[in-house]
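Trainee: I'd like to go over a predicted model; first the sequence, then the structure.
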Amino acid sequence: MKNRQLLFGAAYYPEYLPYDREEQDFQMMRRAGMNVIRIAESTWSTLEPQDGRFCFSLLDRTLQRAQQAGLQVILGTPTYAIPPWLAKKHPEFLVVTEKGQAHYGHRQLMDLANPDFRFYAERVIRALLAHAAKHPAVIGFQLDNETKHYHTASVWVQRLFRSYLMQKFHTPQQLNRAFGLAYWSNAIEDWNDFPDMRGCVNAGLACEFDRFRRSLAADYLKWQAELVNAYKRPAQFIVHNFDFEWKTFGTPPAPDGYSYGVQPDINHLEASAALTVCGADIYHPTQDKLTGAEIAFCGDSTRCLKQKNYLVCETQAQAFPAWTPYPGQLRLQAYSHLATGANGMLYWHWGTTYNGVETYWRGLLGQDYAENPPYREACVIGREWEHLGDKLYGLQKNNRIALVVDTLSLHALRWFPTGKELSYNDVVRWMYDALYTENMECDVVDIHGLDFSRYHMLVVPALYCASEETLEKLDQFVNAGGVLVSSFRSFVADEQLSVWADTPPHRLARCFGMHYCQYTLPHNVTLQGEPVLDWMELLVPDSAETVAQYTHPVWGAYAGITRAKYGTGTAYYIGCHTTEKLLKSVFAQAAEDAGLTAEIPQTSFPVILRSGSTAGGERWHYLLHYSRQSRQWCCAYPRVKDLLTNQVFCRGETVPLAAWDVRILQDVPEQNS
């Protein structure tokens, strides 16, 4: 791969085509300015059609033609969809979940805990790498595909989990105390009596099981990375395409969901240790529902796993019929990824399949594989990236706000839903989206990877479970001058989900300057004229000031939002789920307390500004317009040049924005205008 080259391409599957058209496809890709394809991650039955018999002829042809066309290749390990012969030979490899054993057919149905499964996975990985890793077109490797623990509850994972508990808690008595297993006679006296987790009703122990299974999935990727490292060249990278919790609609869920929030079934921070480059699969609504929020949230999350630029391994070109993009939207989406710190983007996928489950998940091309409006717009992106690619590569972010996330709290609130089943990710997106639409750029950081010294302001949604060590660090952060904004359902329990035996918020009551002992669901309650939507904690200020008081004949005696000075910092506590309008007002005041107001653009959605610096220290601003209505934007910077048009704008001048428009503004001194 050339230094500082943006990757632009698509997943490509010649196995799915009814006839050979690779040379024509690769020519079309090059005309579109594409430079990379991703192959092989779902082709185990093609690479190993029978037990121990490998066939690489199609792979060899694809690599040869890609090299001839000037396309680079990301080679995927083909382990996320097992072949029929393996399922027949070893039916015990099919995952056993709380619902029983899977039937063959779907992808991602293997039991990662089964030690014998890894023999076959290793065999095909090694055969593939020995054959193709040194090919000059191969620039990197993708491990598996959207790996998770697949809810394995087999005898293998049960045994491994019991061993894990024995190492962590040492004795059955310590385990009983940690999780309160005396309740409903769940306590054990002997490790041999430890029960099948599929019937577990103890939330803390069940969440410990989920934590263990997440580690199992992360270890699976680390194991694959070790295999790849034995074959790769030093310059070749290792990536994985992390996906996110999928927002669903209806019962059963309709297929047209989208990437929504923190992934519950693998911890991205933990799993990222296996990688040299983090990758993401990001899917989102389009047409009039395109906001860029999912692109930003997923990108901010992926970038912060290693605090470095990442790769969008999959995103949509057309996909669902409801997502067929308006003119200009593909280009806007592409630059939105770069604005969040991506160093490249691949569509899923190049052309639409003719059969199978995803027959109507459309790629960049339709089933006729002819040029179409999305392809022609991809050509525009490709030409611009070829022209500006070295300049657009490696945008560095220096955000002073972090939104802090926690997978354990996500699972805890599945056991103990908030109000009308408001999920953890609903709270996360409520807070993130309010920051996003007000152009308050933030990192999205796992609580276990948080470097407190990087930030002036922390936003903490529903941190239900936290260790004493974490609470102490939050206390110190505020005491030393930081600004903390926390939501309801925070600081309730320890890491075993045992509720703290004191008045909440445990350990941070002095920091927040308030306490509460009651909570309820709202009915005709308002807060500064805004409705309280769900869950309300009845806050009693001690040293804190009341930012907003409930309006209600009974609950009007209590505060809904408080603000406290603590040490040299400030702590806000938002005790209820209310409107985004009120939340934004809290964030604005908190940003002022943190000394960040001058850095925040005085504009809001549908005009989004995302800024960063180049390796050379130049300051850039991506001006992204998420609207079908044209508008004028008043330039907020002293002097900038639009890299796409070479136009220069000074502070106060009008910048025209067409529907779904993009401008890349570079700060320039007057003498260089």
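Mentor: Arrived safely.
Trainee: for the rest of this, base every contact and every neighbour count on C-alpha atoms.
Mentor: Noted.
Trainee: near residue 498, how many other residues are there?
Mentor: Burial of residue 498 is recorded as 16 neighbouring residues (other CA atoms under 10 Å).
Trainee: residue 314 in helix, strand or coil?
Mentor: What DSSP: H, G, I helix; E, B strand; the rest coil gives for residue 314 is strand.
Trainee: excluding chain neighbours, what is closest to it?
Mentor: Nearest residue to residue 314 in three dimensions, chain neighbours excluded: residue 281, at 4.5 Å (CA to CA, 6 or more residues apart in numbering).
Trainee: then residue 282?
Mentor: Residue nearest to residue 282 in three dimensions, not counting chain neighbours: residue 315, with 5.2 Å by CA to CA, 6+ apart.
Trainee: the one you found contacts residue 337, correct?
Mentor: No - contact criterion CA atoms under 8 Å: residue 315 and residue 337 do not qualify, at 10.0 Å.
Trainee: tell me which residues touch the residue nearest to residue 282, please.
Mentor: Taking CA atoms under 8 Å, 6 or more residues apart in numbering as the contact definition, residue 315 lies against 281, 282, 283, 345, 346, 347, 348.
Trainee: now the terminal residues of stretch 458-477, how far apart.
Mentor: Here the two ends of stretch 458-477 are set 9 Å apart, with distance taken as CA to CA, to the nearest Å.
Trainee: again, but for stretch 145-164
Mentor: Taking CA to CA as the criterion, the two ends of stretch 145-164 lie 26 Å apart.
Trainee: pLDDT on it, on average?
Mentor: Mean pLDDT, stretch 145-164: 96.
Trainee: give the buried residues for that stretch.
Mentor: By 16 or more other CA atoms under 10 Å, the buried positions in stretch 145-164 come out as 145-154, 157-158, 161-162.
Trainee: cool, and stretch 21-37?
Mentor: Taking 16+ other CA under 10 Å as the criterion, stretch 21-37 shows 22, 25-30, 32-37 as buried.
Trainee: end-to-end on that stretch?
Mentor: OK, stretch 21-37 end separation, CA to CA: 15 Å.
Trainee: mind listing what's buried in stretch 558-567?
Mentor: Buried residues in stretch 558-567, counted by 16+ other CA under 10 Å: 558, 559, 560, 561, 562, 563, 564, 565, 566.
Trainee: coming back round to it: could you measure from the residue nearest to residue 282 over to residue 39?
Mentor: Taken as CA to CA, the span from residue 315 to residue 39 is 15 Å.
Trainee: in strands, which of the buried residues of stretch 21-37 appear?
Mentor: 36, 37 (DSSP state E).
Trainee: any chance of the buried residues of stretch 21-37 in a markdown table, plus distance to residue 56?
Mentor: Listed next are the buried residues of stretch 21-37 as a markdown table, based on distance: CA to CA, whole Å:
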| residue | distance to residue 56 |
| --- | --- |
| 22 | 16 |
| 25 | 20 |
| 26 | 20 |
| 27 | 23 |
| 28 | 25 |
| 29 | 23 |
| 30 | 25 |
| 32 | 28 |
| 33 | 28 |
| 34 | 25 |
| 35 | 23 |
| 36 | 20 |
| 37 | 17 |
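Trainee: looking at the buried residues of stretch 21-37, which is nearest residue 308?
Mentor: Sorting those by distance to residue 308 puts residue 36 at the head of the list, at 20.8 Å, by CA to CA.
Trainee: close enough to count as contact, that closest one and residue 72?
Mentor: Yes - between residue 36 and residue 72 there is a contact under CA under 8 Å: 4.5 Å.
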